[in-house]
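Trainee: sequence isn't available, so here's the structure alone:
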């Protein structure tokens with residue numbers, strides 16, 4: 001799995017600030033490949049539960065929930081866990097998250113958490129399952145089809161993205 005793969009323009013990578021539809025937590029906006037929602041997180045309190053609730057509502061609106069089978073329920077729970085891990089990492093290691101973007105098409109759901117931090121997220125190696133903490137990016141790596149970091153040259157911060165398979 002990639003940790004720094006850069007998407008070419010138009011390949012589902014993050015758009016520039018001027019091109020973002022629905023930025024600032026407004027209503028979701030249709031995209032050619034699917035649906036998208038954004039949520040501003042900058043000064044919110046209770047950011048992790050807020051991000052999970054926002055994502056859970058999107059999953060309901062997009063038909064992932066209520067889940068008709070155990071596999072579909074597990075897929076939705078994986079999405080919520082990855083959102084929690086990405087937002088928590090931004091809180092702990094990157095001066096807090098700025099924005100959450102959730103988008104979906106028929107094949108995958110993409111989660112993006114933007115922050116102003118300069119660090120580079122990576123799973124801790126070696127992974128020590130018995131120790132507290134340090135499991136966030138390991139969990140993301142294990143649950144996701146792919147994940148990575150996108151930086152805009154000349155701009156502070158980054159966007160950490162992760163993609164999970166849509167339930168069949």
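Mentor: Structure's in. What do you need? All of these numbers come straight from a predicted model, not from anything done at the bench.
Trainee: now the strands for this protein?
Mentor: Listed in chain order, the strands of the chain (DSSP state E) span 29-31, 34-40, 97-104, 108-115, 146-150, 158-165.
Trainee: now for the ones you listed, which one comes closest to residue 123?
Mentor: strand 146-150 (9.8 Å; C-beta to C-beta). Placement of C-beta: from N, CA and C, glycine included.
Trainee: ok so, going back, ok, of the strands of the chain, where does mean pLDDT dip lowest?
Mentor: Of all these, strand 29-31 carries the lowest average pLDDT, namely a mean of 43.
Trainee: tell me which of the strands of the chain is the most buried.
Mentor: For the strands of the chain, average neighbour numbers computed from mean count of other C-beta atoms under 10 Å are highest in strand 108-115, which has a mean of 25.
Trainee: for the longest helix along the chain, which helices and strands make contact with it?
Mentor: Once the chain is assigned using DSSP state H, the helix that runs over the most residues is helix 70-93. Helix 70-93 sits against helix 47-61, strand 97-104, strand 108-115, helix 136-143, strand 158-165, with contacts defined as 3 or more C-beta pairs under 8 Å, 6 or more residues apart in numbering; DSSP states H and E.
Trainee: so which of these is nearest residue 38?
Mentor: Ranking the helices and strands packed on helix 70-93 by proximity to residue 38 (C-beta to C-beta) places strand 97-104 first, at 4.8 Å.
Trainee: in contact with the residue most central in space within the chain, which residues?
Mentor: The residue at the geometric middle of the chain, judged as the C-alpha nearest the mean C-alpha position with C-alpha atoms, centre = their mean, is residue 111 (2.5 Å). Residues near residue 111 by C-beta atoms under 8 Å, 6 or more residues apart in numbering: 55, 79, 82-83, 86, 100-102, 161-164.
Trainee: looking at the helices and strands packed on helix 70-93, spot the one closest to residue 40.
Mentor: Between residue 40 and these, the tightest spacing by C-beta to C-beta is seen for strand 97-104, at 5.8 Å.
Trainee: which strands or helices does the closest one pack on?
Mentor: Of the remaining helices and strands, those touching strand 97-104 by 3+ C-beta pairs under 8 Å, 6+ apart are strand 34-40, helix 47-61, helix 70-93, strand 108-115.
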